[in-house]
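Enquirer: Here you go, sequence then predicted model.
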Protein chains: 2
Amino acid sequence: MPDRSAAVSLSVIDRLAEALGPRVTVDPVVLDAARRDKSGHVATGRPLAVVHAESIDDVQHVMRIASDTGTPVVTQGAMSGLAGGGTAGEGEIALSLARMTRILEVSVPDQLAVVEPGILNAALNEQLAEHDLWWAPDPASRAISSVGGNIATGAGGLLCAKYGVTRDAVLGLDVVLADGRLIRMGHRSVKGVTGLDVTSLMIGSEGTLGVIVGATLKLRRVTPGDNCTVTALFPTVRAAAVGSAAVTAAGIQPAIMELMDAACLAAAHRLLALGDPVAGAAQLTIQTDGAASAAEADAIAAVLRALGAEVELTRDRARGEELLRIRRAMHPAMEMIGRTLIEDVSVPRSQMAAMFDEIATIEREHGVAIPTVAHAGDGNLHPNFIIEGDGDEVPDRVWAAADDLFRAAVRLGGTLTGEHGVGVLKSRWLADELGDDQWRLQRDIKAAFDPHNLLNPGKVFAPVV
Amino acid sequence: MPDRSAAVSLSVIDRLAEALGPRVTVDPVVLDAARRDKSGHVATGRPLAVVHAESIDDVQHVMRIASDTGTPVVTQGAMSGLAGGGTAGEGEIALSLARMTRILEVSVPDQLAVVEPGILNAALNEQLAEHDLWWAPDPASRAISSVGGNIATGAGGLLCAKYGVTRDAVLGLDVVLADGRLIRMGHRSVKGVTGLDVTSLMIGSEGTLGVIVGATLKLRRVTPGDNCTVTALFPTVRAAAVGSAAVTAAGIQPAIMELMDAACLAAAHRLLALGDPVAGAAQLTIQTDGAASAAEADAIAAVLRALGAEVELTRDRARGEELLRIRRAMHPAMEMIGRTLIEDVSVPRSQMAAMFDEIATIEREHGVAIPTVAHAGDGNLHPNFIIEGDGDEVPDRVWAAADDLFRAAVRLGGTLTGEHGVGVLKSRWLADELGDDQWRLQRDIKAAFDPHNLLNPGKVFAPVV
């Protein structure tokens, strides 16, 4: 019955246009942009419309229309996702919050900010710096990723081992439910245990439970003192992993501890025109901060030199940022190589070296290159599967290699995603990790929020194909 | 049909005894003990039986029998709760986990411990100290309260402003569902966002969603360096509250910052036989730790002296513990005064002084004494309503005063419970704070876990009387 379905779709667009005017678009270029994020995944078919919400009211209008007409909705932000969690396709409304970028309040005494979800992570921290405050979640993508997306995926970033994950940095959320009702979860106080912690449940829920339209963020004072930065070059990636474990074992907690394998390091050097690094060498980039920063950096340098690494230590902030820039260039450096599937497994720190061994085995067995960068301080690895050939699809043999990767991570006591989320790319492994009982329980919780499955259907809890 | 119901109850006890042998007791003294916690609340009627589970298997047996027979179950730990969340009454099975006290694993490289829920908070940290590790959630009751209870209530304690709340310190939970199935939530890695964060949802769920039978705890290295301790005596409680805000405003983050009003200070001095403090004086007790501890303590002392406080500063750990002992004596000191209803409102730090003004007004208007102690660093106040007369019940005029207290806290942007939980004592205010929509949503989530309402019925989500 294509005619009837077309008529229903038309009526949805009409109703959206009536309620939201020029904030609704059906421009094919805009519709196509809403089908893809930074994961490489492209949704099947075009969404019905993209709505650029500018207020909570707009979002409520969209959800009421969606609810009345049974139309699925995909919430979108800066489209920097790496798991396909925010891609919109056939028959769906793409609800973009990218224009909701205001900071509504900054309280210095209460160390909190109330923000709209569309503000970019870097833009927020620039404005907070004026108050000597910052929000700790610090994804490598901070210049292009939004706070709402950070919360929706539980993104994290480089500073998590010392400063916690995103769920540690959110006090409250304003959420529009599937039927358009607005609820305010959480609190403004440091502590609060009134009822179930639905605020935490929203963090990392990837648009499946509700639309996050506002966030009360827990801020920190800017850490006083100068940062120190240490780089350490090792002959192999395994030696670098052992080095990072030795730092932790020495009882030192750096702010940042990043590991780049030889292929990543070479690619980043090429992108930044820095000249070739030593062939085969892997690098740790470590930053300490706070009152003990200099002493910690000295101790780290000593630990790593004792392991035979070639170490540079700088107390100069600018030089430190320069060294760290190499790590932050990873994603564009990989894009330069060609198409990649970026993975995100996380293992207990003690299993980092073992996980690198597993990656080497998978490279060999599947004949696929997997340059890998890791947040070594917290055991979160980003293996980049290089995809040869054109097209949007990930070839089966890359999926087979990824399958081995996920199973190895879980076997080592880890998880299939540390901070990017499940989206569409990893939903086929979700039940494997959670077990069937927990998978069903989580789907039942989703149903308590969204009984008609209108919010981001086909993501996260998609039935195994 | 009393006979039939007695027969059903008998059969439940028989089945429990058959499966669990001597770990099931119907001794009236034990049954009566299961009716009360440290809140003063006593459940109506006696539970059917108390089961002292010694293993996950035992818990699964109990839940299967409960599920088969439709018998409600109240999970219990050390019975140190302050909101009546773990009290068991008529027709219920009291499922005690107090004997499940093992530490199953301590991993130094991964900074985690896997423990059974019944272990006491202080006992855990004593054993972790051998590995130079500690678990940050530090309730004042740590000597008598269990880790499982800490997690079930989201308890927190004295160190939350600097070291986070309980939900920041739990990586994973093993949970037996209402029907006896065991699921393992969360992960062993620092990061992990696979599916919904049901681990966080369990924290503070007060036995309404499942039975927590194991926990993977995120540990910290023992903070190096010596603690410094500052006490500051102010002429009024308001001046002390302003003093605590001045410390935060100066950008200093103490590990502990406690406030005792004149009545609390006097009671604690009396209990410890320390001689009377200055009449009317309120005290801040502040502890700094870490590399900058001495410099921070000096800065704090300067800030507070400038406000006219009488300040003592010690860098001696033993003297510091002596000063802090006065704060830790609060609960027994209140018990000495007589019956009290201990409240637990939490407000944004900036509203501390205003909240003390509200408490003074409530004392005057209701003619009730409300000695108050506060975790001043995070805005969490414990007003103690002194109850005159005997009996288990809280008189209506005390409830009326408590009602004004809760409304004032919420009006100031706060919450009705910072760390003790809702239990039975606060369920009547839950919908007021959450709003009806969120209250219903939370109850629907409860139903997704526990469709037949067998787990701690009548607690938290009890219908408003």
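Expert: Noted; the coordinates are in hand.
Enquirer: how about the helices in the stretch 151-300 of chain A?
Expert: Counting by DSSP state H, counting those that start in this stretch, the stretch 151-300 of chain A has helices at residues A:160-163, A:198-202, A:237-249, A:262-271, A:293-306.
Enquirer: What parts of the stretch 201-350 of chain A come near chain B?
Expert: Proximity of the stretch 201-350 of chain A to chain B is confined to A:201, A:203-205, A:208-209, A:221, A:224, A:245, A:248-249, A:251, A:253, A:290-292, A:295, A:346-350 under the rule Cβ under 8 Å from any Cβ of the partner chain. All C-beta spots, glycine's among them, are computed from the backbone N, C-alpha and C.
Enquirer: In a markdown table: the helices of the stretch 151-300 of chain A, plus mean neighbour count.
Expert: Output for those, formatted as a markdown table (neighbours: other Cβ atoms under 10 Å in any protein chain shown):
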| stretch | mean neighbour count |
| --- | --- |
| helix A:160-163 | 22 |
| helix A:198-202 | 25 |
| helix A:237-249 | 22 |
| helix A:262-271 | 22 |
| helix A:293-306 | 18 |
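Enquirer: and the ones you listed, which one is worst for confidence?
Expert: The minimum mean pLDDT among these belongs to helix A:160-163 (a mean of 88).
Enquirer: List of residues touching that one?
Expert: The contact list for helix A:160-163 (Cβ atoms under 8 Å, 6 or more residues apart in numbering or on different chains) reads A:136-138, A:220, A:253-255, A:257, A:375, A:377-378, A:380, A:419, B:190-191.
Enquirer: redo that, cut-off 7 Å
Expert: Helix A:160-163 has contacts (Cβ atoms under 7 Å, 6 or more residues apart in numbering or on different chains) with A:136, A:253, A:254, A:255, A:257, A:375, A:377, A:378, B:190, B:191.
Enquirer: and the nearest residue to the fourth one once chain neighbours are set aside, how many residues sit next to it?
Expert: With Cβ to Cβ, 6 or more residues apart in numbering or on different chains as the criterion, residue A:255 has its nearest non-adjacent residue at 4.5 Å, and that residue is residue A:289. By the measure other Cβ atoms under 10 Å in any protein chain shown, the count of residues near residue A:289 is 23.
Enquirer: What of residue A:377?
Expert: 26.
Enquirer: That one touches residue A:254, doesn't it?
Expert: Yes. Using Cβ atoms under 7 Å, residue A:377 is in contact with residue A:254, at 6.2 Å.
Enquirer: How are the helices of the stretch 1-150 of chain A distributed by residue range?
Expert: Here the stretch 1-150 of chain A has its helices, by DSSP H, counting those that start in this stretch, at A:2-20, A:28-33, A:56-69, A:121-129, A:147-153.
Enquirer: And the last one, how far out from the chain middle?
Expert: What that stands for is helix A:147-153. Distance of helix A:147-153 from the chain centroid (Cα atoms, centre = their mean, to the nearest Å) equals 8 Å.
Enquirer: Residue A:462 contacts residue A:426, correct?
Expert: No. Checked against Cβ under 7 Å, the pair residue A:462 and residue A:426 is beyond contact range at 10.1 Å.
Enquirer: Compare these two (neighbour count), which wins?
Expert: Here residue A:462 and residue A:426 are compared on neighbour count by other Cβ under 10 Å; more neighbours surround residue A:426, at 24 against 15.
Enquirer: Distance of that one relative to chain B?
Expert: Look at residue A:426 and chain B: by Cβ to the nearest Cβ, to the nearest Å, they are 8 Å apart.
Enquirer: and if you look at residue A:238?
Expert: From residue A:238 to chain B the distance is 16 Å (Cβ to the nearest Cβ).
Enquirer: on that earlier part again, okay if I get the helices of the stretch 1-150 of chain A as CSV plus mean neighbour count and mean pLDDT?
Expert: Listed next are those as CSV, based on neighbours: other Cβ atoms under 10 Å in any protein chain shown; pLDDT from 0 to 100:
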stretch, mean neighbour count, mean pLDDT
helix A:2-20, 14, 77
helix A:28-33, 14, 98
helix A:56-69, 20, 98
helix A:121-129, 17, 97
helix A:147-153, 30, 98
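Enquirer: Same list, the ones you listed, but as TSV with distance to chain B please.
Expert: Listed next are these as TSV, based on distance: least, Cβ to the nearest Cβ, whole Å:
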stretch	distance to chain B
helix A:2-20	22
helix A:28-33	25
helix A:56-69	13
helix A:121-129	14
helix A:147-153	7
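Enquirer: can I get the ones you listed in TSV with distance to residue A:267?
Expert: Formatted as TSV, these follow (distance: least, Cβ to Cβ, whole Å):
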stretch	distance to residue A:267
helix A:2-20	43
helix A:28-33	27
helix A:56-69	40
helix A:121-129	23
helix A:147-153	25
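Enquirer: Between those helices, which one is closest to residue A:285.
Expert: helix A:121-129 (19.3 Å; Cβ to Cβ).
Enquirer: Counting neighbours, what do you get for residue A:395?
Expert: The burial count for residue A:395: 15, using other Cβ under 10 Å.
Enquirer: so for stretch A:91-100, what's the average pLDDT?
Expert: In the prediction, stretch A:91-100 has an average pLDDT of 98.
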